[in-house]
Every structure is written in C-alpha cells, then in structure tokens.
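Q: for reference, the sequence and a predicted model appear below.
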Amino acid sequence: MLRAGGDKPDQIDYYLDMFKARFPELDVTHSVDVSINHAPRYDNARAAGSEAGIPDVIQFQTLHDFHHYAENGLLEAYRPKNWDKVFPDHKDPHGRWTGLYGVTFTNYINLDNVDEDKAPRDAVDYLDPALKGKVILTYPHDDDAVLYQFWKLKQKYGWNYLEALVASEPTWVRGTAMPYVAINNGWYAASFTTFWAFEPFPGTNTRFMFPEEDYFLTWFQTVGIPKQARNKAAARLYLNWMLSEEFQGKWLQFPVRMDIEAPGGHKSVLNHNTSPGDFHRWMLKRDQVERFRMQMLQLIGPVHGPTPIEIDYSAKP
C-alpha cells in the first residue's frame, strides 16, 4: 500500500504503471491525496493502534514530516541500491527517508493562446495586460509549494508585486493539477504554479519554460517506510526500483540521482536558478510558513471549490 502526495487521482500512474508492469506478481494498491491530508492519516492510524491503516510506503511533499517521523523513531532505516548516487542533501544519512524524483513548478504555456516570443517567463511578465483572463494560478495559501513560490516573489519583488498580481485577476484554483489540465485543454494560456514534462509530448503545442532570470521551485518528492509497515519487502523493492536507472532515466523532470541526465538536454538541477535545499529548509520553518499563509489568505481571500482530489477536471474553472 502506497500513500502518495498529489492533487489528481491519476497523478502517479505514469510511473506506478511501469512499476506494476515490471513486477506483475505484486498486488499494488495506492492512494493519492494532497500530502497535508495523507500525513495526518498516517498519524491517526498510529494513534488508533491498528496496523490496518498503516501504509507500506509514505511518499510526501511535506518534507518537514519526515524529520518528525525520523526523530521519533517511526521510519525504517534502509538504503536501497543506488542510494549513494542520490544528492547528499536530499536523503537522511541513516536511510530513514530519501528523495525519489524532482518536481519543478514554473511556466507552463499553451502556444495556441500566446505567441512563444510573448510567453511570460519571469514574474513581471504576468502583469502584462494582454494576458488578462488567460492566466490560471493555484491559491498559494492552499499548497505549501505554491506558498513558497509566492514567498520567493515577495522576497525579490516586494509586497507591491503580489498586490499587482492579485489585481490582475488571474483565475484561482485549488491544487496544482488543474492549471496543467487547463493549459493542455487550451482554456488558459499560462501558469507558473504547476508542472509538466521538460520535453514536449509529440503533437502538442504546450511548453514548459524555465524563467529567463527569476528563481523557480524544485523539490525532491520524498519517501519512507513506516516501521509498522506489513509488507516491507515490497516497500523496499519499490524504493530500489524508483532509484534505478530504469525509472530515473525516464522521469520527466530532474532525476534525484547525480549520475543521470535530466530530460530535454537540461543539465543537472545544480546548474539552474533553483534550490531544492532552500525549499526543504523553508518547509522546516513552520511558524514562518503559517504566518505567510495567513497573509496570503488576507490578500487573496478564502479558497473556493472542492479539494484538488475531488475537482471535476473536465470542466473549465
């Protein structure tokens, strides 16, 4: 049983289907939900004292949770094959948690709706009046990764920029999956609060574009095996496969292994204006995170709509 952080029920099918095909004898079950929901489910299952609710693998964006679990002796110490090739800052030295793959949020553009030479690349480009009604963004106070993006924007451009961005009236949605769905469907032209493959899929007219000058977000989705897991052999097999060249070489964004190239001819994550380590450290500053969350709530207003996992992705927001 895998509990994976994510916004859309099919969000991990890309690689979980590969894992199932590679090991057809395994009975793999999984559940996708935002990490801020999955983590307390794991906490509540432990509190109830029943092994029935304990997953075999926890795979979350909420990196601070892994520090809590490790410090409280809740995770197996296990170093899968190729663990030594993972970036040193993105694994626990005792093997209690490790990064699996990079997730990058930055500009995702539909070139049917905006010319490539006019596509927004840096934050100030999103204030272009020509983009009014064409931009879709995730509520930052509903997602820690997006909240971090807005924190970095405030640091570089100041509060006035955030006020101007809100005044430009982008369409706000819950979760980071709807923006890429909306861009893929041609409903909107641009978003910077979502992710997609570095290399365009054949026959599509969308592009995932790094900023020209601005910083962008990357973190490594992280995994651990609870000590109460009932299927530890299967959990260890999953970790080994996720760190294998078979998966890392097919991942759509930055790999977590130092010896494998990123897709699309991009250099290692170390060669870009992004820092998974900075995001990790920011996530540990919970007082600061929660204060900024409330500031964004006051600036933008309460979130509206169903949770990301319950959204109707066939309807334009």
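A: Right, received. Where do you want to start?

Q: nearest the geometric middle of this structure, what residue?
A: The centroid of the chain falls nearest to Val103 when counting by C-alpha atoms, centre = their mean (4.9 Å).

Q: I'd say that one and Phe195 touch.
A: Yes - using C-beta atoms under 8 Å, Val103 makes contact with Phe195 at a distance of 5.8 Å. Any C-beta I mention is one placed from the backbone N, CA and C, and that applies to glycine too.

Q: any shared contact partners between the two?
A: Residues touching both Val103 and Phe195 (C-beta atoms under 8 Å, 6 or more residues apart in numbering) are Gln253.

Q: skipping adjacent residues, who's closest to Gly249 in space?
A: Ile260 (5.7 Å; C-beta to C-beta, 6 or more residues apart in numbering).

Q: and the one you found, what does it touch?
A: Glu245, Gln248, Gly249.

Q: helix, strand, or coil at it?
A: coil (DSSP: H, G, I helix; E, B strand; the rest coil).

Q: how near is Lys81 to Met18?
A: Noted for Lys81: a distance of 17 Å to Met18, by C-beta to C-beta, to the nearest Å.

Q: ok so, going back, give me the buried subset of the contacts of Ile260.
A: Buried members of those, scored by 16 or more other C-beta atoms under 10 Å, are Gln248.

Q: and of the contacts of Ile260, the nearest to Ala123?
A: When those are compared for distance to Ala123 (C-beta to C-beta), Gln248 comes out closest, at 31.1 Å.

Q: tell me the phi and psi of that closest one?
A: Here is the backbone geometry of Gln248 (degrees, to the nearest 10): phi -60, psi -30.

Q: and for Gln59?
A: phi -140, psi 100.

Q: if we can go back for a sec, any idea which of the contacts of Ile260 is closest to Leu75?
A: Nearest to Leu75 among these, with distances taken as C-beta to C-beta, is Gln248, at 22.1 Å.

Q: in contact with the closest one, which residues?
A: Gln248 neighbours (C-beta under 8 Å, 6+ apart): Tyr101, Met242, Pro255, Val256, Arg257, Ile260.

Q: now do 10 Å
A: Applying C-beta atoms under 10 Å, 6 or more residues apart in numbering to Gln248 gives the contacts 82, 85-86, 100-101, 241-242, 254-257, 259-261.

Q: which non-adjacent residue is nearest it?
A: Leaving aside its chain neighbours, Gln248 sits nearest to Pro255 (4.3 Å; criterion: C-beta to C-beta, 6+ apart).
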